[in-house]
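Participant: Just need the structure, nothing else, for what follows:
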Amino acid sequence: MAPDRSDAPKAERIDEVVRYTEERLSGKDTAAAEQFIRQYYARVPPQDVLDTPADALYASAFALWKFGEQRPPGAAKVRVLTPTIEEQGWTTSRSVVEVINDDMPFLLDSMLLELGERGHGVQLIIHPVLRLRRGNAGECLELAAGEASGDEFAAESWMHFEIDALSGGAMADLQARIERVLTDVRASVEDWQPILSKLGDAISELSAQRDAVEESELKETCAFLEWIRDNHFTFLGYREYTFHKSGKGAPFRSVDGSGLGILGEPDVHVLTGARSSSGKGGFLESVAAPIMITKTSGRSNVHRPGHMDYIGIKRFAKDGTLAGEHRFIGLFTSAAYMLPPMLPSISASWVS
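Facilitator: Model (predicted):
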């Protein structure tokens, strides 16, 4: 396919940046930096490239390249700064947010969600997905050219956002918030399959409770759970609880080590007040159905905004009494909200 002639000025500017790079670097650093610069600016709109001098394009990209040359395995690298000539070799009137992370779902939309929720106007986004080979300590050994494949190369998201200028304190606060968001994204993505496995366990357990739950309701509840497993729910967290009607302490108690996703940290709670399972009487005790669906008091910082959805599935003892809960946290997909209600008894148990 012939190149789009409208991109010709951009290509010329990138060539100019590469020549500028060759004048300032030597040895193997030159080839790696040149390759990074071409991939970094490959999908940036032409006007954003043409509006910036070649030396600034070089300095901005090279500063990020050096920042990302080493990254701890399995962790994001984040910085929020207002670059200066003295420290970064380039400057702008804006503040800059830069993130280097293993490529995974929800990264870009979660970043934009956090910036938008905090009222930071995004003026520029650069987001290439690069393939790198790193050493055991996270040092960059090789940047793949083009669509290189193989287990030795891993896809990484390199994100650069330019936002309205911030003070030093505001930059530090934003960096901490972004690091929290990225931790939640990683936990949700890495634990997605284990959470689905827990849903499978919950369905199997519930299917066997023919003495504790009316057959028609049991069948409908299991059908609903199969439906959410079929890409109608974005699972972000899971935790198991046991129920103790007598004795000291809260009636619902979390099972140590059962947390997954954003509920992997024991001190993270998403239900408060009357809806809290740790409250007097327990949230699920007041509901006859084997499942409870409601909104959490915690807002999502992964994927899209709004209060997260809670699905609590009762666990029963052999005698049919309440024994505990499988708790799932996430977001119903957009497709789920567009469908008409098909499960009357389940819909009736929703609590707003």
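Participant: residue ranges with poor pLDDT in this structure?
Facilitator: 1-6, 147-150, 246-250, 272-284, 286-287, 337-352 (pLDDT under 70).
Participant: where exactly do the strands run in it?
Facilitator: For the chain, applying DSSP state E gives strands covering 77-81, 95-102, 122-126, 129-134, 140-143, 154-163, 233-243, 252-254, 260-261, 291-299, 307-316, 322-332, 350-351.
Participant: Make TSV out of these and add mean neighbour count.
Facilitator: For the C-beta atoms, the positions are set from N, CA and C on the backbone; glycine is no exception. Output for these, formatted as TSV (neighbours: other CB atoms under 10 Å):
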stretch	mean neighbour count
strand 77-81	19
strand 95-102	22
strand 122-126	16
strand 129-134	18
strand 140-143	15
strand 154-163	20
strand 233-243	23
strand 252-254	20
strand 260-261	26
strand 291-299	18
strand 307-316	21
strand 322-332	22
strand 350-351	13
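Participant: domains in this structure, as residue ranges please.
Facilitator: Structurally, the chain divides into domains by automatic domain parsing as follows: 5-190, 192-351.
Participant: right, and Met292 touches Gly312 too?
Facilitator: Yes - with contacts counted by CB atoms under 8 Å, Met292 reaches Gly312, the gap being 4.3 Å.
Participant: Count residues in the vicinity of Ala172, would you?
Facilitator: Residues near Ala172, counting by other CB atoms under 10 Å, number 12.
Participant: who touches the nearest residue to it once chain neighbours are set aside in this structure?
Facilitator: Spatial nearest neighbour of Ala172, chain neighbours left out: Val80 (7.5 Å); criterion: CB to CB, 6 or more residues apart in numbering. Val80 is in contact with 95-98, 166, 171-172, 174-175, 178, counting by CB atoms under 8 Å, 6 or more residues apart in numbering.
Participant: how about 6 Å then?
Facilitator: 97, 171, 174-175 (CB atoms under 6 Å, 6 or more residues apart in numbering).
Participant: Check Cys140 too.
Facilitator: 69, 132, 134.
Participant: What's opposite the residue nearest to Ala172 in the beta bridge?
Facilitator: Listed beta-bridge partners, Val80: Val97 (assigned using DSSP bridges).
Participant: quick one on the thing from earlier: closest to Arg19 out of the contacts of Val80?
Facilitator: Val97 (29.2 Å; CB to CB).
Participant: what's around the nearest residue to Ile14 once chain neighbours are set aside, how many residues?
Facilitator: Nearest non-adjacent residue to Ile14, counting by CB to CB, 6+ apart: Tyr41, 5.8 Å away. Residues lying near Tyr41 (other CB under 10 Å) number 21.
Participant: Repeat that for the one 5 residues further on.
Facilitator: Counted with other CB under 10 Å, the neighbours of Pro46 add up to 16.
Participant: Please determine how far it is located from Leu81.
Facilitator: Distance, Pro46 to Leu81, by CB to CB, to the nearest Å: 26 Å.
Participant: Show me what the helix ranked longest in the chain is in contact with.
Facilitator: Secondary structure of the chain per DSSP state H: the longest helix is helix 168-190. The contact list for helix 168-190, computed with CB under 6 Å, 6+ apart, reads 76, 78, 80, 104-106, 110, 114, 236, 261-262, 264, 301-302.
Participant: ditto for stretch 263-270
Facilitator: Here stretch 263-270 has contacts from 187, 237-239, 296, 298, 329, using CB under 6 Å, 6+ apart.
Participant: can you put these in CSV and add distance to Glu214?
Facilitator: Below are these laid out as CSV (distance: CB to CB, whole Å):
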residue, distance to Glu214
Ala187, 37
Gly237, 30
Tyr238, 26
Arg239, 27
Thr296, 28
Gly298, 32
Ile329, 27
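Participant: which one of these sits closest to Glu139?
Facilitator: Ala187 (25.4 Å).
Participant: The closest one: how many residues sit nearby?
Facilitator: Ala187 is flanked by 21 other residues according to other CB under 10 Å.
Participant: Equivalent analysis for the one 3 residues further on, please.
Facilitator: The local packing of Glu190 (other CB under 10 Å) involves 15 other residues.
Participant: Could you measure from it over to Gly116?
Facilitator: Distance, Glu190 to Gly116, using CB to CB: 25 Å.
Participant: cool, and Asp267?
Facilitator: Relative to Gly116, Asp267 is positioned 27 Å away (CB to CB).
Participant: more neighbours, these two?
Facilitator: For Asp267 versus Gly116, neighbours defined as other CB under 10 Å are more numerous around Gly116 (12 against 4).
Participant: got the contact list for the more buried one?
Facilitator: Going by CB under 6 Å, 6+ apart, Gly116 touches no other residue.
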